[in-house]
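Engineer: Quick one, fold the following:
(2 chains)
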Amino acid sequence: MLAPAYLWLTAAIFLPLSAMLFFSFVTKPPIGLAEWHLTFGNYDEFFLHPLYPYLLGRSLLMSAVVTGLCAVIGYPCAFVLAKVIKGRAREALFLLIILPFWSNGLVRVFSWAIVLRGNGVIAYILKSVLPFEVPFDVMFSVPAIVIGLVHAYLPYVVLSSYLALQAIDDSLIEAARSLGAPARTILWRLVLPLSLPGLVAGAILTFVPVTGSFMEPRILGGRNGTFYGTVIEDQFTAVYNWPLGAALSFILLAVVLGILGLAAPLLRRAQ
Amino acid sequence: MSLLRTLAIAGRVYVGLILLFLYVPILVMATMSFNQSEYYQLPVHFTLDWYRALAKDSEIVDAAALSLGLAIATTVLASTIGTAAAIALFRYDFPGKSVLQALLFPPIAIPWLIIGISMLIFCFWVGLGRGTPAVLLGHVALALPYVIVVVGARLRTFDATLEDAARSLGANTWQVTRHVTLPWIASGIVAGGLFAFAVSFDQFVVSYFLARPGDATLPVVIYTAIRKGFTPEINAISTIIIVISMTIMLLASRYFKFGGER
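Structural biologist: Numbers count the residues shown, from 1 in each chain, chains lettered A, B, ... in the order given. Purely as a prediction, here's the structure:
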């Protein structure tokens, strides 16, 4: 009964990843009559051109900013939902918050483009409210990309934090309160440590995909939207240097796995 | 006590602000799709022109048909083989089980960009090339972990003694599965299937690398159009897509509690 599912995953995920690993060590794609041999050259390329490490750093930094914003904005929201609001209102609000996460990501990024563009809605509102002209042009900038990405991943962090917060028994909090613990102590010494694994899980599942984002920077960043992900995309859609693209991807994967490894002890505490 | 009440009100306001942040852009986009001005001029003058233009745009109509077909095929394939795998993973014990469960993680956790290009490389290497079969291969793989996890969650609430009871009354393995296990997890399968539909219908990155030009899915066509410039037609088709995918997830929420059982 397991065979169909795992054969499928092997054909669609695990074999392709192995193929990509192999491609990252060849001079030319071994397709057709092309002459090729094994090389480390594609990995050397990364270290020879300062642009690649710089863009990798830029992508990791943006990812960290987006993850941090999602955590700082999303965790309190999850707390209010899990511990303040009760009953049907809680269920309805929670559903409303995670619903966008399951809707089309591309379309949501595009909707921000409509909102942020010069002559867009915000510019119109500013113009009709304020008596003087304010130049408003956030579009095609890094802040625009960050807004779009926070919008995309915020529901994820709320979801995972909410699940962890909800699992904390209210009677624990009651007990701490009846023993005279101030609200701040309850929050820092009880609620936060117990729900940390959920927050970390949400943060990881935000951080990892954002490092490889290319569609959001392309649409919202314009000329300022060159990131590590867009350079990898270029190798496959514009420059057609597949071996280099494969090597760049594996460097990203290695960095991401390293970060996951660092976070693993925190996650294990969840179980 | 009044401090607590103030905090509770502040908390509700905060959640409200987050909902505004999440929904205002979508509502703006939807409003603009009914706006007459081609250059997004305000105030809004109501029109259905952009929706009429969509119906005449054969590229978009074809892409929509392809996207729907792919989503339905993904739903059927992923929920069938995913349910089988979930029953094996969550109802039976065998060596190596935890490894198999861990293998469900990579398709969700690895950036889609990397999955997309590795599949592109692989499909060319084995001679399959770009095209709808490659896209379907990818969509089902991305949907499978969700189906397995959702059906698995439902299976955890299953009382195993029911199967023992059926077996002691003479039912064979197939009869037990068909008449005892499956009816119990039916709601999980429906939810998992709806997730699979959403994963496929909304998938952009993997389709982008694997679809053949001229045979593109709806998100790929939209992306290409956005890169050329923002037209109100894109607003209209985007609005339709967001309504479809949100409806699907609202349906799924009837069968699967996102917020846990408590």
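
Engineer: can you count the residues close to the residue in the stretch 151-271 of chain A that chain B sits nearest to?
Structural biologist: Chain B sits closest to A:G212 of the stretch 151-271 of chain A, with a gap of 2.8 Å, by CB to the nearest CB. For the C-beta atoms, the positions are set from N, CA and C on the backbone; glycine is no exception. Residues lying near A:G212 (other CB atoms under 10 Å in any protein chain shown) number 26.

Engineer: can you check B:L19 too?
Structural biologist: B:L19: 15 neighbours (other CB under 10 Å).

Engineer: Next up, the contacts around it.
Structural biologist: For B:L19, the contact set (CB atoms under 8 Å, 6 or more residues apart in numbering or on different chains) comprises A:L93, A:L96, A:I97.

Engineer: Now with 6 Å, please.
Structural biologist: A:L96 (CB atoms under 6 Å, 6 or more residues apart in numbering or on different chains).

Engineer: and the gap between it and B:A198?
Structural biologist: Distance of B:L19 to B:A198, computed by CB to CB, to the nearest Å: 21 Å.

Engineer: picking up where we left off before, quick one: contacts for the residue of the stretch 151-271 of chain A closest to chain B?
Structural biologist: Listed by CB under 6 Å, 6+ apart, the contact set of A:G212 reads A:G229, B:P111, B:L113, B:I114.

Engineer: so can I have a markdown table of the residues you listed showing secondary structure and distance to B:S37?
Structural biologist: Below are the contacts of A:G212 laid out as a markdown table (DSSP: H, G, I helix; E, B strand; the rest coil; distance: CB to CB, whole Å):
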| residue | secondary structure | distance to B:S37 |
| --- | --- | --- |
| A:G229 | helix | 34 |
| B:P111 | coil | 38 |
| B:L113 | helix | 36 |
| B:I114 | helix | 41 |
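
Engineer: What helix or strand is the spatially closest residue to A:T237 that is not a sequence neighbour located in?
Structural biologist: Leaving aside its chain neighbours, A:T237 sits nearest to B:F209 (8.0 Å; criterion: CB to CB, 6 or more residues apart in numbering or on different chains). Assessed by DSSP states H and E, B:F209 sits inside helix B:205-210.

Engineer: so what does that helix touch, helix or strand wise?
Structural biologist: Judged by 3 or more CB pairs under 6 Å, 6 or more residues apart in numbering or on different chains; DSSP states H and E, the packing partners of helix B:205-210 are helix B:112-125, helix B:132-156.

Engineer: Which of the contacts of A:G212 ranks first by neighbour count?
Structural biologist: Neighbour max across the contacts of A:G212 (other CB under 10 Å) = A:G229, 31 neighbours.

Engineer: since we're on the closest residue to that residue other than its chain neighbours, how many residues are nearby?
Structural biologist: Closest residue in space to A:G229, ignoring its immediate chain neighbours: A:F214 at 3.7 Å, by CB to CB, 6+ apart. When neighbours are defined as other CB under 10 Å, A:F214 has 26 of them.

Engineer: Next up, the contacts around A:F214.
Structural biologist: A:G229, A:T230, A:E233, B:L113.

Engineer: Format those as JSON lines; extra columns: pLDDT.
Structural biologist: Shown next, in JSON lines, are the contacts of A:F214 (pLDDT from 0 to 100):
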{"residue": "A:G229", "pLDDT": "93"}
{"residue": "A:T230", "pLDDT": "93"}
{"residue": "A:E233", "pLDDT": "93"}
{"residue": "B:L113", "pLDDT": "93"}
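
Engineer: hang on, the earlier thing: how much space is there between the residue of the stretch 151-271 of chain A closest to chain B and B:N172?
Structural biologist: 48 Å.

Engineer: re the thing from before, taking the contacts of A:G212 together, which two end up most distant?
Structural biologist: Greatest spatial distance among the contacts of A:G212 (CB to CB): A:G229 and B:I114, at 9.4 Å.

Engineer: the bottom helix or strand of the chain by mean pLDDT?
Structural biologist: Since no chain was named, I'll use chain A. Here the helix or strand of chain A ranked lowest by mean pLDDT, DSSP states H and E is helix A:121-129, holding a mean of 73.

Engineer: Switch to chain B, please.
Structural biologist: Result, chain B / mean pLDDT, DSSP H and E: helix B:105-109, a mean of 80.

Engineer: dump the residue contacts of B:L144.
Structural biologist: By CB under 6 Å, 6+ apart, the contact set of B:L144 is A:A5, B:A78, B:G82.

Engineer: ok, now how distant is the residue in chain B that chain A sits nearest to from A:V66?
Structural biologist: With CB to the nearest CB as the measure, B:P111 is the residue of chain B nearest to chain A, at 2.8 Å. Distance, B:P111 to A:V66, using CB to CB: 13 Å.

Engineer: Show me the helices in chain A, by range?
Structural biologist: For chain A, the helices defined by DSSP state H occupy A:3-9, A:15-23, A:41-48, A:51-79, A:87-98, A:105-116, A:121-129, A:142-166, A:170-178, A:183-185, A:192-211, A:215-216, A:228-237, A:242-268.

Engineer: what's the angle from the fifth one to helix A:51-79?
Structural biologist: Interaxial angle, helix A:87-98 versus helix A:51-79 (axes from the mean of the first three to the mean of the last three CA atoms, to 10 degrees): 170 degrees.

Engineer: Tell me where the model's unsure across the chain.
Structural biologist: All of this is about chain A. A:118-120, A:131, A:133-136, A:266-271 (pLDDT under 70).

Engineer: that's the wrong chain, I wanted chain B
Structural biologist: In the predicted model, chain B carries pLDDT under 70 at residues B:1-2, B:39-42, B:258-262.

Engineer: most residues in a single helix of it, which one?
Structural biologist: helix B:58-91.

Engineer: Check which helices and strands that one is in contact with.
Structural biologist: helix A:3-9, helix B:132-156, helix B:182-202, helix B:218-228.

Engineer: and if we set it to 10 Å?
Structural biologist: Helix B:58-91 sits against helix A:3-9, helix B:49-56, helix B:97-102, helix B:132-156, helix B:182-202, helix B:205-210, helix B:218-228, helix B:232-255, with contacts defined as 3 or more CB pairs under 10 Å, 6 or more residues apart in numbering or on different chains; DSSP states H and E.

Engineer: Run the angle between the helix or strand following the fourth one and helix B:182-202 for me.
Structural biologist: Right, the one you point to is helix B:132-156. Counting by DSSP H and E, the element after helix B:132-156 in chain order, helix or strand, is helix B:161-168. Counting by the same axes, to 10 degrees, helix B:161-168 points 120 degrees away from the direction of helix B:182-202.

Engineer: So which elements touch helix B:161-168?
Structural biologist: Packed next to helix B:161-168, using 3+ CB pairs under 10 Å, 6+ apart, are helix B:173-176.

Engineer: Is any residue of the helix it packs on near chain A?
Structural biologist: No: Helix B:173-176 stays clear of chain A (CB under 10 Å from any CB of the partner chain), getting no nearer than 10.7 Å.

Engineer: which residues touch that helix?
Structural biologist: The contact list for helix B:173-176, computed with CB atoms under 10 Å, 6 or more residues apart in numbering or on different chains, reads B:L162, B:E163, B:D164, B:A165, B:A166, B:R167, B:L169, B:L182.

Engineer: Try it again at 8 Å.
Structural biologist: B:E163, B:A166, B:R167.

Engineer: just the CA coordinates of it, formatted as PDB?
Structural biologist: Taking C-alpha atoms only, helix B:173-176 is exported to PDB below (Å, rounded to 0.1, in the frame of the first residue of the first chain):
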ATOM      1  CA  THR B 173      -8.700  -7.600   5.400                       C
ATOM      2  CA  TRP B 174     -10.400  -6.100   2.400                       C
ATOM      3  CA  GLN B 175     -13.800  -6.200   4.000                       C
ATOM      4  CA  VAL B 176     -12.500  -4.600   7.200                       C
END
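
Engineer: any idea how far that helix is from the chain center?
Structural biologist: 31 Å (CA atoms, centre = their mean, to the nearest Å).

Engineer: What of stretch B:238-252?
Structural biologist: 10 Å.
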